[in-house]
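Asks: Quick one: sequence and predicted model below, then my questions.
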Amino acid sequence: MTTGHSSIGGSSAKRWINCPGSVQLCAGITAPPPKDYALEGTAAHSFAEACLKHGYEKVAGMTKDTLIAHGFITEEESKWIDKELKTHVKIYFDTVMDCVHKAHKSAIFEVEKGFDLKHLHPDLYGTNDALIGEFMGTLTVFDLKYGKGNLVDVKENYQLMYYALGALAKYDWCFHDVKMVIVQPRAYSAEGAIRSHTMTVEDLVAWGENVLQPAARKTASPSAPLVPGAWCHENFCPAISGGQTCPAVMKEAYAVAQIEFSDVSTAEDICFPEPSAMAPVDVAKVLTFAPLLSAWSKGVVIYAQSLMEQGLSVPGFKLIAKRSIRRWKNPEQTAELLILDHREDQLFEPKKLKSVAQMEKAIGKEGLTDLWEQPDNGVKIAPESHKSQAVKSSAELDFEKI
């Protein structure tokens, strides 16, 4: 079984299927250090794997040092293992184990096992979080999503379909249908933390042959197309986040902004069109590419700083120290010293009631329903594909009152 990270793996499938040229463009680009949310997600997966293999109560009761000693987590991951993470992983654990208990005793049960799709392309391979399969019945593939910022849709999810196809191939297609399950405990959804979508084996195989395989082959072509879109920032494109130049993105940027950078020497030379003078179709273009351009510009800043930290110069810019806020060297000792001559209200912040979500985690939801309200914070723009229901504009509401 092939191991390691594939350049056309499941986690980036939406990007390279839509933009095959991104694979060669990104080759050789060093990804930036993982952010805290990514490290936290890795820790959650390691802890969840240990729980599914050895039992939740046993693993959750271990100290961090014991978890490290058993090889369940790394020392770096241990900083994220707390009560909150354990509570959320328990939701995932219960979901998987409930399926295990309901399945026939002959069903297969795997945790963090690899697969490959060599019959489609030699570089298609990966690892499933967990799966349960009843031969000639249903194959259930689980995916733990620990993020809370972006709600992951289970339908038309190329990553899950990729993983499900790998599981099917591994067991010679001996199933009737495939149920793909996302467990995302920290992101609110009207559908809940556990969301699923079922496909027939025939439909999934057809997707593999008609979509996955052709896209995988295109990635190796010198003329593989670069197609900018939402997938550039949703599925991490190193060419964007790493501050490199993507010709297709820049072309779109020039077209959207209606400027030609070759004639620009100062910021004053740039003349953006007035929003009020733009047609709706042009407004839509800007809204579509704004997140992409924002991610790219942030990547340029990161890249420029890395150059300057290596001693290279970027004309017109310099490195300065970040603003730093003073902090107590030892808060406990400071409090003990100052409390001798000062009142508590002079030294300590007043007590603050926990948020509704924090309170529900601490004491449960019972008895709290009538105590909270959800204020109207207004509206915001989102793509038509967004799961949230569209709301009526103020003009439409005013018209209804007439």
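Replies: Right, received. Where do you want to start? Since this is a predicted model, take the numbers as computed values, not measurements. Residues are numbered from 1 along each chain as shown.

Asks: Next, the contact list for the nearest residue to Gly9 once chain neighbours are set aside, please.
Replies: Leaving aside its sequence neighbours, Gly9 sits nearest to Gly126 (Cβ to Cβ, 6 or more residues apart in numbering; 5.4 Å). (Glycine included, C-beta is placed from N, CA and C.) Gly126 makes contact with 6, 9-11, 114-115, 162-163, 166, according to Cβ atoms under 8 Å, 6 or more residues apart in numbering.

Asks: Filter those down to the ones in strands?
Replies: Judged by DSSP state E, these include 114-115 as members of strands.

Asks: Weed out the non-buried ones from the contacts of Gly126.
Replies: Taking 16 or more other Cβ atoms under 10 Å as the criterion, what is buried in the contacts of Gly126 is 6, 9-10, 115, 162-163, 166.

Asks: Would you mind measuring from Pro238 to Gly147?
Replies: 19 Å (Cβ to Cβ, to the nearest Å).

Asks: neighbour-wise, which of the two wins?
Replies: Pro238 (20 against 15; other Cβ atoms under 10 Å).

Asks: if we can go back for a sec, can you redo the contacts of Gly126 as CSV with pLDDT?
Replies: CSV is the format used below for the contacts of Gly126 (pLDDT from 0 to 100):
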residue, pLDDT
Ser6, 88
Gly9, 94
Gly10, 94
Ser11, 91
Gly114, 95
Phe115, 96
Tyr162, 97
Tyr163, 97
Gly166, 96
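
Asks: Helices - which of the contacts of Gly126 land there?
Replies: 162-163, 166 (DSSP state H).

Asks: Output the residues you listed as TSV; include the columns distance to Ala382.
Replies: Putting these into TSV (distance: Cβ to Cβ, whole Å) gives the following:
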residue	distance to Ala382
Tyr162	26
Tyr163	27
Gly166	32
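
Asks: Return the closest of those residues with respect to Asp203.
Replies: Tyr162 (14.2 Å; Cβ to Cβ).

Asks: Grab the longest helix from the chain for me.
Replies: helix 280-309.

Asks: Tell me which other helices or strands it touches.
Replies: Here helix 280-309 touches helix 231-234, helix 238-241, helix 247-257, going by 3 or more Cβ pairs under 8 Å, 6 or more residues apart in numbering; DSSP states H and E.

Asks: Worst mean pLDDT among those?
Replies: The weakest mean pLDDT among these belongs to helix 238-241, with a mean of 67.

Asks: secondary structure class for the residue nearest to Val211 when sequence neighbours are not counted?
Replies: Closest residue in space to Val211, ignoring its immediate chain neighbours: Ile17 at 6.6 Å, by Cβ to Cβ, 6+ apart. At Ile17 the chain is in helix, as set by DSSP: H, G, I helix; E, B strand; the rest coil.

Asks: sorry, back to before: and the residue nearest to Gly9, how far from Lys170?
Replies: With Cβ to Cβ as the criterion, Gly126 and Lys170 are 11 Å apart.

Asks: Then Gln374?
Replies: From Gln374 to Lys170 the distance is 45 Å (Cβ to Cβ).
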